[in-house]
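Engineer: Take this sequence and fold it.
(one chain, ligands or ions: 1)
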Amino acid sequence: MQNDVVLILDFGGQYSQLIARRVREANIYCEIIPYNYSLDKIKEKNPKAIILSGGPSNVFEENAPKCDEELFKMGVPVMGICYGGQLMAQVFGGEVTRADTREYGQIKLDIMHNDGIFESINEEIKCLMSHTNFIGKVPENFVITARTKACPVAAMKSQDGKLIAIQFHPEVEHTDRGKDIIANFLYNVSGLKPNWDMGDFAKEMIEQIKDEIGDKRAICALSGGVDSAVAAVMVNRAIGSNLICIFVDHGLLRKNEGDQVEEVFRDKFNLNLIRVNAQERFLSKLAGVVDPEEKRKIIGEEFIRVFEEEKEKLKAQYENIDFLVQGTIYPDVIESGTDKADVIKSHHNVGGLPEDVDFKLVEPLRQLFKDEVRAVGTKLNIPQEIVQRQPFPGPGLAIRVIGDITEEKLEIVREADWVFREEIRKAGLDKDIWQYFAVLPGIKTVGVMGDERTHTHTIALRAVTSSDGMTSDWARIPFDVLNKISKEVVNNVENINRVVYDITSKPPATIEWE
Ligand code: XMP
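Structural biologist: Predicted coordinates for the structure are as follows:
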């Protein structure tokens with residue numbers, strides 16, 4: 001069955017993917033297309049609704065991005081958000097005004113018509129405004145449906161209610177009932193039914209991959225993390241054993257992690273998996289290295305080297321390895337797309353792309369957010385202990401042993417981390433905490449055990465709440481749980497006589513210590 005499709009015309013706004021996500025959350029299939037897509041191509045897709053995104057331009061500038069105006073006459077409901085809304089106003093003869101100052105923040109919205117997109121939104125809500133221009137005068141045959149103190153047209157609609165412009169951003173969390181506003185546009189204004197889910201996404205994507213790769217082969221660097229796991233399982237469903245997964249065990253994984261990855265993916269999922277035990281190789285390269293960025297660089301480079309070697313071996317064996325599968329997800333795309341932001345840490349993803357690859361990339365998760373990837377993984381029956389895994393950095397424990405890395409230090413942090421994670425799980429806190437792990441700061445302090453003086457390691461515990469890892473707060477673990485964790489760590493892990501808990505948010509700290 002062909003799904004009803006909603007098209008999102010992207011005018012370069014920072015929230016276009018978020019709009020798509022909200023549509024998917026409403027269980028409706030959508031596609032993002034460039035704003036200048038031709039009318040014929042749009043018609044070919046037979047959209048049931050169209051959303052025009054925001055964007056950084058001014059509609060009255062000469063080269064402002066415009067869509068084909070005919071799309072407003074297709075009889076399909078169109079909702080323009082911010083720039084998209086201003087464009088609609090301009091096309092129909094309204095006026096877009098430039099304000100003296102930018103209106104930014106959560107602003108009280110005065111809803112004047114409780115129908116259409118505002119149906120059943122009867123309480124006072126705040127919406128996120130972020131604009132300099134606004135619709136100053138609505139076109140003929142349009143009515144104002146909401147306003148704010150500074151913005152006379154926070155929303156407008158055409159007489160038949162099918163063309164809607166809004167100045168605020170319903171797609172962001174800072175707009176109260178934003179999801180309902182979008183759902184109202186889809187269900188109420190456009191008459192769509194929620195008939196699509198992440199299972200459909202997986203099925204469609206698997207078909208697409210089948211077509212793309214055909215009878216060629218693909219390789220994939222499997223790290224054991226959620227993203228590469230879900231990507232690999234999807235491609236495996238599409239091309240079977242023609243997908244060869246390479247799992248590089250760099251010796252910096254958590255307790256039992258290497259074996260678990262092997263067991264789940266080779267035995268349960270029947271993936272064609274090569275495990276490369278490169279522990280010694282990584283450790284010898286890292287010996288004596290103290291600087292965190294240097295560690296990341298070494299691990300990143302060594303990873304690529306190991307991967308290339310395996311690839312060459314495979315290429316000698318098979319002729320048609322043309323594709324490389326990557327578990328890239330949307331936040332990775334945004335992060336790597338910003339060239340102005342300061343490099344706080346050069347994130348290295350094990351499974352990262354060697355620079356000189358002669359492969360075609362297959363990135364089935366490129367448009368999804370983390371929790372959507374988890375939903376796809378669940379639909380693919382990947383075990384919850386993999387799907388719900390907390391984020392784990394590519395360089396692994398190397399950036400959780402502060403200073404130089406030795407086998408002994410890795411063992412201490414690995415064991416302490418295991419005990420900590422077990423206790424969090426037992427306390428039922430694992431779902432509430434975004435990331436929790438042990439760090440070995442490399443300081444030794446004096447303690448007393450039995451009658452004996454000790455002079456040994458301090459372990460630091462880090463647990464944070466976050467929604468995306470960009471900012472975070474330290475998790476308020478109850479004191480009695482912390483007390484139990486402290487005792488369990490000291491009693492069960494050798495060479496630790498002190499446990500400290502990190503109570504810094506991000507910023508000013510980062511989540512990882514290095
Ligand atoms: P920070 O420490 O920058 O971490 O606050 C934010 C999130 O990113 C993870 N992280 C990394 N992930 N390679 C990765 O794949 C890295 O080099 C890296 N450094 C940090 C960190 O665990 C947290 O989830």
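
Engineer: what helices or strands is the host helix or strand of residue 97 leaning on?
Structural biologist: Residue 97 belongs to strand 95-111 when assigned by DSSP states H and E. Where contact means 3 or more Cβ pairs under 8 Å, 6 or more residues apart in numbering; DSSP states H and E, strand 95-111 is packed against helix 83-91, strand 125-137, strand 142-147. Yep, even glycine has a C-beta here, placed from its N, CA and C like the rest.

Engineer: quick one, helices of the stretch 151-300 of the chain?
Structural biologist: Under the criterion DSSP state H, counting those that start in this stretch, the stretch 151-300 of the chain contains helices at 178-183, 198-213, 226-239, 257-262, 279-286, 292-317.

Engineer: Dump the ones you listed to TSV, plus distance to residue 417 and mean neighbour count.
Structural biologist: Formatted as TSV, the helices of the stretch 151-300 of the chain follow (distance: least, Cβ to Cβ, whole Å; neighbours: other Cβ atoms under 10 Å):
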stretch	distance to residue 417	mean neighbour count
helix 178-183	37	21
helix 198-213	31	17
helix 226-239	18	25
helix 257-262	10	18
helix 279-286	17	16
helix 292-317	18	16
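
Engineer: Nearest to the ligand, out of these?
Structural biologist: Evaluated over these, closeness to the ligand peaks at helix 292-317, with 5.4 Å, by Cβ to the nearest ligand atom.

Engineer: model confidence over that closest one, on average?
Structural biologist: Mean pLDDT, helix 292-317: 93.

Engineer: Stretch 487-498 now?
Structural biologist: Mean pLDDT, stretch 487-498: 98.

Engineer: which outside residues touch that stretch?
Structural biologist: For stretch 487-498, the surrounding residues in contact (Cβ atoms under 8 Å, 6 or more residues apart in numbering) are 408, 412, 415-416, 419-420, 422-423, 438, 445-447, 449, 454, 456-459, 461, 499.

Engineer: change it to 10 Å
Structural biologist: The contact list for stretch 487-498 (Cβ atoms under 10 Å, 6 or more residues apart in numbering) reads 408-409, 411-420, 422-423, 426, 438, 440, 443-449, 453-461, 486, 499.

Engineer: Can you tell me which of those residues are buried?
Structural biologist: When those are checked for burial by 16 or more other Cβ atoms under 10 Å, the buried set is 409, 411-420, 423, 438, 440, 447, 454, 457-461, 486, 499.

Engineer: Quick one: mark the members of those that sit in strands.
Structural biologist: Members of these lying in strands (criterion: DSSP state E): 438, 447, 454, 457, 458, 459, 460, 461, 499.

Engineer: The first one contacts residue 413, doesn't it?
Structural biologist: Yes. Contact status for residue 438 versus residue 413: in contact at 5.5 Å, counting by Cβ atoms under 10 Å.

Engineer: tell me, what's touching those two both at once?
Structural biologist: Counting by Cβ under 10 Å, 6+ apart, the contacts common to residue 438 and residue 413 are 254, 397, 400, 459, 460, 493, 496.

Engineer: Would you confirm that residue 54 contacts residue 80?
Structural biologist: Yes. Contact criterion Cβ under 10 Å: residue 54 and residue 80 qualify, at 8.9 Å.

Engineer: So for these two, which residues contact both of them?
Structural biologist: The contact sets of residue 54 and residue 80 overlap at 11, 86, 166, 167 (Cβ under 10 Å, 6+ apart).

Engineer: Please consider this matter closed, and thank you.
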